Structure formats: C-alpha cells, structure tokens
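K.L.:
heads up, no residue letters with this:
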C-alpha cells in the first residue's frame with residue numbers, strides 16, 4: 001500500500017476524566033466527599049486462570065481451553081459456533097448448583113465457579129478470553145501443510161464464473177475481429193463461446209514477483225535450469241498476530257486461489273522427478289514459468305492457456321498420488337479439477353490461435369505440449385487433435401528450421417531460440433512416441449526435415465538427452481526405423497535409405513530390415529565416455545526395443561523366437577537398473593514391448609517394474625499394464641493376435657505413452 005496509517009502522538013492524549021460528563025452542582029448543605037484515589041483509574045480486574053479441560057467436552061479438550069461443562073452444548077462451543085461433542089457414557093445434563101446455572105444464563109458467559117483460581121467477590125466479572133473463531137472473522141483457511149503435499153485441504157472445484165474471470169482475453173482477441181485468413185483452427189472442432197469479462201487487474205504489477213523464487217521474464221539469454229521451489233515470504237507482519245494477518249504471496253496475482261498456488265508449486269517441486277529422465281535440472285519448468293509470469297495476469301490468451309495447462313498437469317499428478325494412497329474421493333475430485341483445467345486451456349488456446357500473434361507465440365506451442373503431457377499422464381487417451389494442433393502451430397511459423405532461424409521472440413522474452421528448440425524437440429519425441437502406437441510415420445522428425453535437428457548452430461543448447469534419456473544423435477536413427485516399420489506395416493514398396501547414409505535403392509524388404517537391424521546393433525555415441533549412465537542405458541533400451549519391432553512387425557517372428565526373447569530379457573534387466581536408480585521416466589514403450597514377450601519368471605520381474613514405475617509416473621502405467629496383461633492372457637490361452645499392437649487395435653485405442 002502506498003499510504004500509511006497516521007497514529008496520534010502522546011501529546012494529544014485525552015485524560016480519562018474527559019470521557020465522562022460534568023458532575024451536577026451540589027447544594028450548599030450537601031457534604032462534599034473527596035474523590036477516592038481509585039476513582040482516577042479503572043478497577044483492576046483479576047483474570048481467572050484457565051487450564052486445559054480434562055473432564056469437559058471433546059471440542060474444548062482438543063482446543064486446550066477450559067470447558068464450563070454445560071450440557072448438551074457448553075457455552076464455549078456455543079459462542080465459538082463449534083460442534084460440542086461429549087464422550088460416550090457422560091450424562092447429557094450436568095448437576096450444577098442453582099447459583100452457578102443462574103450465573104451462566106444471566107450473563108451469557110460460561111461460569112468460572114470451578115476454575116482453579118476464582119475472582120474476588122468485589123471484582124467485576126471477567127470477559128471470555130477465548131479468541132473469536134475463524135468463521136466469525138471470515139478469514140480464509142490457512143494451509144499449514146507443505147504446499148506440494150497432495151493431501152492438503154483442497155478448496156472446492158472452481159466454478160464457471162471464477163474461471164471466466166481468469167480466462168477472458170482483452171478485446172484485441174475478440175473472435176468477431178479475427179481474420180479468418182489467419183485461422184489455424186481447422187484441425188479442431190468448433191468450440192463454445194468464450195467468457196465476456198476480463199480478469200486482469202491493472203493494479204497488479206509483474207514487479208511484485210521479484211521476491212518470489214519463481215522466475216520472472218527478465219532473464220539473460222541462458223534459461224534458469226534449477227528446479228523451482230516454494231516462494232515463501234520472509235517479511236514479518238507488523239499489524240497483528242501472524243496467524244491472523246498474512247503477508248501477500250508474490251505469485252497471488254497470477255494464481256489467485258489457494259488451490260492454484262498449491263498446484264503450481266506442486267508442479268515446480270515434483271516435475272523434476274516425473275518429467276525429466278535425467279533429474280539433474282529442469283529446463284521445461286524454466287521455460288514455461290517465465291512465459292506465464294512475463295504477461296499481465298489474464299491479459300494474454302496464450303499465457304493463460306499455458307497457465308491452466310500447467311495447473312492441470314499438477315492436478316493429474318496429485319490425483320494419481322491420492323489414488324495410490326487410497327483417498328478415492330480426493331483422487332476423483334482432483335481428476336475433475338484437471339479435466340476442467342484442460343478444457344478451459346484448450347478453449348483459450350483455440351482463441352489464441354485466431355490471431356497471428358497468438359499462433360506465433362511460444363506460449364501457444366508450450367500450452368499445446370503441456371496439454372499433451374496431461375494426456376500422457378491421464379493414460380494416453382484423446383491426444384490426437386491436440387497433437388495435430390501443435391504440429392499446425394509449427395507449420396504456420398514456417399516449420400522447425402524456419403522457427404529456429406528466428407533470433408527474436410514475439411512475446412518479448414529473451415532466450416527465444418533456446419526455448420523454441422526445447423519445445424520443438426519435445427514435440428518431435430512426442431510425435432515419435434505417438435507413431436510407435438499408431439503405426440504412422442513421424443512428421444516432425446523425418447528424412448525431409450531432419451536437417452533442423454542436426455545442423456543448427458545452437459545444438460549445444462539442446463536438452464533432449466536430459467529430458468528423454470537418449471543421445472540426441474540416436475533419436476533421428478530411431479525415427480527412421482519407426483518410419484521404415486510404418487511403411488512395412490502399410491505395405492509400402494519403397495524403403496528409405498538408412499540413417500548413416502548410402503545410395504537410395506529399391507531393396508528387398510527383408511534385406512532392408514536386416515540393414516536397419518545392424519544399424520541399431522552397431523550404433524554408438526561418439527561421446528560415449530561423456531554421456532551419463534542413464535543416457536547410455538536409454539540408448540541400449542530403445543535399440544533393443546526397435547530390434548524387437550523389426551523382428552515382429554516386419555520379419556513376422558514369433559513371440560517365442562530366441563532372438564526376440566534375448567532382446568526382451570535384456571530390456572527387462574536394464575529397466576530394472578533404471579527403476580532402482582529412480583530414473584524410470586520415458587521408458588513405458590520399451591516396458592510394453594519387452595513385457596509382451598515375457599514368460600515365466602520374467603513376468604514377475606516385469607510386474608515389479610510396472611510397480612516401480614508408479615513412483616515416477618501417473619495413470620499411463622495403468623494403461624500400459626492393462627495392455628501387457630491382455631497379451632499374456634491371449635498367449636496363455638493360445639488365442640490369436642497375442643501382441644500389443646493387436647490388443648490396441650481390438651480395443652480401438654491409440655495411446656500416447658512415453
């Protein structure tokens with residue numbers, strides 16, 4: 001606040017005598033009595049000594065206050081508007097003295113007749129020292145537990161009117177004034193109308209977040225890499241007791257409810273262990289948070305769409321944690337919260353894409369990728385339309401190469417190329433994972449557009465290895481193998497050349513398959529002595545996984561083929577190493593492929609791996625395990641189509657898992 005309160009100085013103190021009216025004139029014969037020395041000062045009241053109740057109601061015992069033991073409802077609970085409960089076996093009426101009952105009913109306060117220290121008969125009755133309840137002061141509930149705790153008190157689900165206040169874009173984003181020529185929403189269905197009120201309060205300033213540990217938009221070229229923690233305030237209140245008056249949370253203008261602030265801190269605290277394959281630093285959080293905080297709260301639809309998507313990611317993870325702990329009701333509630341965030345984020349993202357500025361904003365692409373992460377965490381369903389939108393956002397900006405060639409960002413933030421490369425790499429790997437399930441060809445990273453991945457001057461700033469746990473040079477090789485498998489599944493006659501070069505030639509399908517198999521077998525990272533153990537293991541896991549796909553999808557080898565079994569056992573062993581080290585992120589597909597070919601004791605190991613995955617993943621583990629269980633059932637019963645691809649086809653599902 002800009003102004004300060006003015007307090008009266010001691011020189012202006014008014015004597016207590018001035019508070020009283022003047023005395024009437026005395027008659028001559030009246031006797032004048034000198035005022036007592038006690039008249040100038042108020043009588044000292046002796047405060048009774050309260051002790052914790054041992055025989056009172058259960059409510060007073062919990063609050064450690066003296067109970068007058070009035071039944072059925074004691075006066076303490078009556079004044080505090082609390083439920084008064086008594087232990088079983090206690091009489092419903094207290095046999096007190098008539099005088100005590102009269103005192104309680106006469107002054108409306110609990111009797112102190114049985115206190116350890118009684119006031120003198122001449123002293124005035126003492127006032128109740130019980131502080132007013134929180135309901136009387138209408139104070140918001142205080143979250144006393146760690147904000148990232150998923151079992152902290154969850155406020156009610158945000159209403160539509162509350163969401164509309166946050167999601168209203170400024171008039172410049174009106175649908176009526178949009179140019180249909182710039183509309184990139186052809187890939188998604190028509191959405192409902194948008195709210196008509198704007199939430200942004202110009203009194204809020206982004207400068208108020210300088211004391212927060214959440215990053216702001218004024219960073220240098222290098223993005224902050226460390227995970228973000230709580231933004232607790234260090235200032236002490238001078239206006240009252242700390243439990244009654246709270247300092248303003250610096251992120252409150254951007255996350256106005258307690259639920260939102262708990263969720264965004266949960267996202268910053270926990271995403272390192274559930275998003276990063278190598279959990280040493282978190283460039284994803286460091287890239288996303290400034291995109292939200294750099295804009296005035298609620299004024300920019302792309303930033304608001306990203307904000308809601310990040311909250312949705314945290315809500316899904318909290319729902320998963322609650323479901324594991326047996327809190328079914330809380331898990332269902334948080335899942336509804338997550339779905340609400342996803343729906344509203346998609347609506348704002350759709351509106352942002354109606355304008356050229358919104359379609360070219362990194363925040364729009366980041367929001368689409370955050371929604372994709374929500375879809376992965378939610379079991380991998382209903383991802384296709386959002387993924388198509390993310391690809392469209394890249395295409396309208398000229399494709400990956402043109403997007404990286406831009407050295408300035410439309411949203412005014414520095415480090416645009418570094419952040420943009422990170423977003424493109426995430427989209428490319430998401431697209432690759434989707435194609436593993438659907439059998440389609442990758443579009444972001446293929447032979448026609450591979451140059452942007454390896455020839456850009458900023459590749460030294462890539463975070464693909466930390467995010468996905470694979471060498472950056474191996475991902476294009478894996479993409480080309482997936483492309484070859486897709487063409488084989490669809491009966492394509494022409495096979496592309498191998499990743500390491502060679503003349504393009506018409507080749508026999510079997511010969512080409514063996515060539516790719518050998519490429520995977522012999523591929524090594526030139527920096528093998530420099531990469532981390534998790535990246536080295538991740539390379540080997542995905543190489544063996546791709547070899548199984550070549551054997552089963554192209555060469556039509558059986559599930560009991562010795563080479564297939566050897567690859568499967570090797571994958572299961574390496575997965576066990578990763579889960580033991582708490583580095584099991586982004587290994588769902590290798591687990592599905594390898595476990596689908598497990599027999600005997602290997603199934604027990606595979607089941608244990610899925611159980612270990614649950615400490616770092618979400619509901620996608622349940623989807624993966626259901627696929628494997630169905631494959632095992634078909635294998636054991638000798639049924640046809642006993643493979644994971646057929647199981648997904650029969651259930652008419654195509655899951656986005658990673």
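P.N.:
In hand now; what should we look at? Values in this document were obtained by computation on a predicted structure and should not be read as measured data.
K.L.:
And residue 354, which helix or strand is it part of?
P.N.:
For residue 354, there is no host helix or strand (DSSP states H and E).
K.L.:
Looking at it now. What's its pLDDT?
P.N.:
Listed pLDDT for residue 354 reads 96.
K.L.:
remind me which residues of the chain are low pLDDT?
P.N.:
1-53, 89-247, 407-415, 456-461, 492-507 (pLDDT under 70).
K.L.:
Repeat the analysis, applying 50 as the threshold.
P.N.:
1-40, 94-182, 184-213, 215-245, 408-414, 493-506 (pLDDT under 50).
K.L.:
Buried residues in stretch 639-650, which are they?
P.N.:
The neighbour-count check on stretch 639-650 (16 or more other C-beta atoms under 10 Å) flags 642, 643, 644, 645, 647, 648 as buried. Every C-beta, even on glycine, is put in place using the N, C-alpha and C of the backbone.
K.L.:
Can you list which of these are found in strands?
P.N.:
Taking DSSP state E, every one of these sits outside strands.
K.L.:
when you check the residues you listed against the helices, which ones overlap?
P.N.:
644, 645, 647, 648 (DSSP state H).
K.L.:
Quick check: the last one touching residue 624?
P.N.:
Just to be clear, that refers to residue 648. No - the criterion here is C-beta atoms under 8 Å, and residue 648 misses it with residue 624 at 10.9 Å.
K.L.:
residue boundaries of the helices in the stretch 251-400 of the chain?
P.N.:
258-275, 283-293, 301-325, 328-352, 356-359, 362-377, 384-395, 399-405 (DSSP state H, counting those that start in this stretch).
K.L.:
Including mean neighbour count, could the ones you listed go into TSV?
P.N.:
Below are the helices of the stretch 251-400 of the chain laid out as TSV (neighbours: other C-beta atoms under 10 Å):
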stretch	mean neighbour count
helix 258-275	22
helix 283-293	25
helix 301-325	26
helix 328-352	21
helix 356-359	20
helix 362-377	27
helix 384-395	20
helix 399-405	18
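K.L.:
And residue 354, its phi and psi?
P.N.:
phi -80, psi -10 (degrees, to the nearest 10).
K.L.:
Would you mind measuring from it to residue 347?
P.N.:
11 Å (C-beta to C-beta, to the nearest Å).
K.L.:
again with residue 543
P.N.:
Residue 543 is 42 Å from residue 347, by C-beta to C-beta.
K.L.:
repeat for residue 533
P.N.:
44 Å.
K.L.:
what do you get for residue 430?
P.N.:
22 Å.
K.L.:
Same check on residue 642?
P.N.:
From residue 642 to residue 347 the distance is 42 Å (C-beta to C-beta).
K.L.:
Repeat that for residue 393.
P.N.:
Applying C-beta to C-beta to residue 393 and residue 347 gives a distance of 16 Å.
K.L.:
do the same with residue 285
P.N.:
Taken as C-beta to C-beta, the span from residue 285 to residue 347 is 24 Å.
K.L.:
what does residue 328 give?
P.N.:
29 Å.
K.L.:
for residue 643, same thing?
P.N.:
For residue 643 relative to residue 347 (C-beta to C-beta), the value is 39 Å.
K.L.:
Next: residue 473.
P.N.:
Taking C-beta to C-beta, one finds residue 473 at 40 Å from residue 347.
K.L.:
Residue 438 against residue 653, yeah?
P.N.:
No - checked against C-beta under 8 Å, the pair residue 438 and residue 653 is beyond contact range at 10.3 Å.
K.L.:
How about stretch 562-573, which residues are buried there?
P.N.:
Neighbour-count burial for stretch 562-573 flags 564, 565, 567, 568, 569, 570, 571, 572 (criterion: 16+ other C-beta under 10 Å).
K.L.:
TSV for these, including secondary structure?
P.N.:
Formatted as TSV, the buried residues of stretch 562-573 follow (DSSP: H, G, I helix; E, B strand; the rest coil):
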residue	secondary structure
564	helix
565	helix
567	helix
568	helix
569	helix
570	helix
571	helix
572	helix
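K.L.:
list the contacts for residue 331?
P.N.:
Residues in contact with residue 331, defined by C-beta atoms under 8 Å, 6 or more residues apart in numbering, are 319, 320, 322, 323.
K.L.:
before we move on, what about residue 642?
P.N.:
Counting by C-beta under 8 Å, 6+ apart, residue 642 has contacts 559, 631, 634, 635.
K.L.:
and if you look at residue 605?
P.N.:
So residue 605 contacts 572, 576, 598 (C-beta under 8 Å, 6+ apart).
K.L.:
One more: residue 341?
P.N.:
308, 309, 311, 312, 315.
K.L.:
10 Å instead, please
P.N.:
By C-beta atoms under 10 Å, 6 or more residues apart in numbering, the residues touching residue 341 are 158, 163, 260, 263, 307-316, 370-371, 374.
K.L.:
wait, isn't residue 629 in contact with residue 592?
P.N.:
No - in this structure, residue 629 is not within contact of residue 592 by C-beta atoms under 10 Å, at 11.0 Å.
K.L.:
So for these two, which residue has more residues nearby?
P.N.:
Between residue 629 and residue 592, counted using other C-beta atoms under 10 Å, the more crowded position is residue 592 (26 against 15).
K.L.:
which SS class is residue 483?
P.N.:
helix.
K.L.:
what about residue 577, neighbour count?
P.N.:
14.
K.L.:
what's the helix or strand for it?
P.N.:
Taking DSSP H and E as the criterion, residue 577 maps to helix 562-580.
K.L.:
From the recorded domain assignment, give the ranges for the chain.
P.N.:
Domain assignment for the chain by automatic domain parsing gives 50-94+101-116+125-139, 224-231+252-468, 476-650.
K.L.:
In TSV: those domains, plus distance to residue 657.
P.N.:
TSV is the format used below for those (distance: least, C-beta to C-beta, whole Å):
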stretch	distance to residue 657
domain 50-94+101-116+125-139	45
domain 224-231+252-468	5
domain 476-650	4
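K.L.:
how near is the closest residue to residue 585 other than its chain neighbours to residue 469?
P.N.:
Distance criterion C-beta to C-beta, 6 or more residues apart in numbering; nearest residue to residue 585, sequence neighbours excluded, is residue 277 at 4.6 Å. Taking C-beta to C-beta as the measure, residue 277 falls 3 Å from residue 469.
K.L.:
Residue 418 - how many residues pack around it?
P.N.:
18.
K.L.:
To which secondary structure element is it assigned?
P.N.:
For residue 418, the host element (DSSP H and E) is helix 416-438.
K.L.:
Name the next helix or strand following that helix along the chain.
P.N.:
Toward the C-terminus from helix 416-438 - assigned by DSSP H and E - lies helix 451-454.
K.L.:
what packs against whichever helix or strand comes after that following helix?
P.N.:
Counting by DSSP H and E, the next helix or strand C-terminal to helix 451-454 is helix 464-468. Contacts defined by 3 or more C-beta pairs under 10 Å, 6 or more residues apart in numbering; DSSP states H and E place helix 464-468 against helix 283-293, helix 416-438, helix 474-489, helix 533-549.
K.L.:
Deepest-packed of the ones you listed, please.
P.N.:
Sort the helices and strands packed on helix 464-468 by mean neighbour count, taking mean count of other C-beta atoms under 10 Å, and helix 283-293 sits at the top with a mean of 25.
K.L.:
Remind me what that helix packs against, helices and strands.
P.N.:
Applying 3+ C-beta pairs under 10 Å, 6+ apart, one finds that helix 283-293 contacts helix 258-275, helix 301-325, helix 362-377, helix 416-438, helix 464-468.
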